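Novice: Quick one: sequence and predicted model below, then my questions.
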Amino acid sequence: MKKIRVNLKEENIYFIYLGYSLKDVGRLLTEKKYGRKVLILSDTNVFSIYGEVIKDSLTKEEKKVIDVVIRPGERAKTLHNAYNILKNCAENEMGRDDTILTLGGGVISDLGGFVASIYMRGINFVVVPTTLLAYVDASIGGKTGVNLPFGKNLVGSFYQPSFVYMDYNTLSTLPKREVKQGIAEIIKYGIIKSKKIFDIFRDKPVDEMKKYLPFLIEESIKIKKDVVEKDEKEKKGLREILNFGHTLGHAIEISHLSKFSHGESISLGMVGETYISWKLGFCREDVYYAVKEVLQKHRLPFNFSSVVIDKIFNYLRYDKKVRQGNLRFVLVEDIGKVKTGIVVKIEDVSKILKEMVKDEKY
Ligand code: ADP
Ligand code: ZN
């Protein structure tokens, strides 16, 4: 069991509890003197497995539990669902010192965190992540929000949790495809900041990864936490480092209409962006091959054979973030070392990637 302290400004300090047991979460709420009411937000998959344990843990501490269980998936991140949760809070006369506890992946904590941030201008928000991706990404950083028909996360807020509570056992029921999404994001942390993480993926057998997960999760959280502490509201551009693999990754994810999961998309994004790094002289050729081999070893997509390059660029040309035909990249100098804010002309990116696809054929 471990505690990581996250230090934000204005006495906004909270803890991430790692390797604890779900059945003890209620006691922590009592210790922290939170109010009597707890609204659990979860999805049907997760709640059917872990709902009872959490509820028991809370009722043992004399809490009044309200549960809101929604359908799984990104489509649940709507204002309509946010409204329903708000309504539940109000109907149950929840007050300032009461709590919203999210039990699930990033979808659940984004939605629940958003509601926690606006109900009575902010109530206690406890995050219990259950996907590997949420462990290392969504549950740290304080970004909350819902989607609009016009795009993802268009409505939201920065709202830090009261605490984050992780029970590694929840990963045992996570479908393989979801585990891989988290692995892709952890490999990203290795490439941007930690050769130690990368070397584990490179050197240890795939079927032994489970043994290393607690270390990998902890290291990833520390990397993200350090960045967030320095740039809480994403105003100084320091968070950009976390976008490695995501410039191309997002474009691949959206232009291919979710044919690839987020993790798969950023795996491809990392391959493409490392290739660009090599071709623009930021890193050596062997860095590119090392990245590619690690992704392949962990059964993540590592070549562009099922990607339509033109689709990516049709999408990018109309993307508002692409200013005057330029794209911004985080490029690799070596494993564990990257450079942010590199501007490359979209035409050059297209040329380089087409060259990469040709290379892949040999
Ligand atoms: P993320 O945004 O973190 O990738 P989601 O909230 O979209 O995660 O969840 C991904 C899928 O995995 C959903 O279908 C969810 O119900 C399911 N899921 C989440 N955690 C678990 C778990 N521990 N065991 C089984 N299924 C889970
Ligand atoms: Zn990501």
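Specialist: Done, it's in. If you're wondering where the values come from, they're calculated on a predicted model, not measured in any experiment. Numbering: from 1, shown residues only. Ligands and ions are numbered 1, 2, ... in the order given.
Novice: Might you report the residue contacts of the closest residue to ligand 1 within the chain?
Specialist: Closest contact between the chain and ligand 1, by CB to the nearest ligand atom, is at residue 105 (2.2 Å). Any C-beta I mention is one placed from the backbone N, CA and C, and that applies to glycine too. By CB atoms under 8 Å, 6 or more residues apart in numbering, residue 105 lies in contact with 43, 46, 129, 130, 131, 133, 134, 138, 178.
Novice: now, among those residues, which is nearest to residue 232?
Specialist: Using CB to CB, residue 138 comes nearest to residue 232 of those, at 16.0 Å.
Novice: How much space separates the residue nearest the centre of the chain from residue 183?
Specialist: Residue closest to the mean C-alpha point of the chain, counted by CA atoms, centre = their mean, is residue 137 at 2.9 Å. Separation of residue 137 from residue 183 (CB to CB, to the nearest Å): 12 Å.
Novice: ok, now residue 41?
Specialist: 26 Å.
Novice: again, but for residue 197
Specialist: 11 Å.
Novice: One more: residue 280?
Specialist: Taken as CB to CB, the span from residue 280 to residue 183 is 27 Å.
Novice: Give me the buried positions along the longest helix anywhere in the chain.
Specialist: In the chain, taking DSSP state H as the definition, the longest helix is helix 209-230. By neighbour count with 16 or more other CB atoms under 10 Å, helix 209-230 contains the buried residues 209, 213, 216-225, 227-228.
Novice: taking the mean pLDDT, what do you get for that helix?
Specialist: Across helix 209-230, pLDDT averages out at 96.
Novice: Repeat that for stretch 317-333.
Specialist: pLDDT averaged over stretch 317-333 gives 86.
Novice: Give me the contacts around that stretch.
Specialist: Here stretch 317-333 has contacts from 191-192, 240-241, 243-244, 247, 251, 273-274, 276-277, 280, 282-283, 287, 291, 316, 338-347, 349, using CB under 8 Å, 6+ apart.
Novice: List the buried residues in that stretch.
Specialist: Result for stretch 317-333 [16+ other CB under 10 Å]: buried residues 322, 327, 328, 329, 330, 331, 332.
Novice: ok, now stretch 32-49?
Specialist: 34-43, 45-47.
Novice: Let's see which of those residues end up in strands.
Specialist: 37, 38, 39, 40, 41, 42, 43 (DSSP state E).
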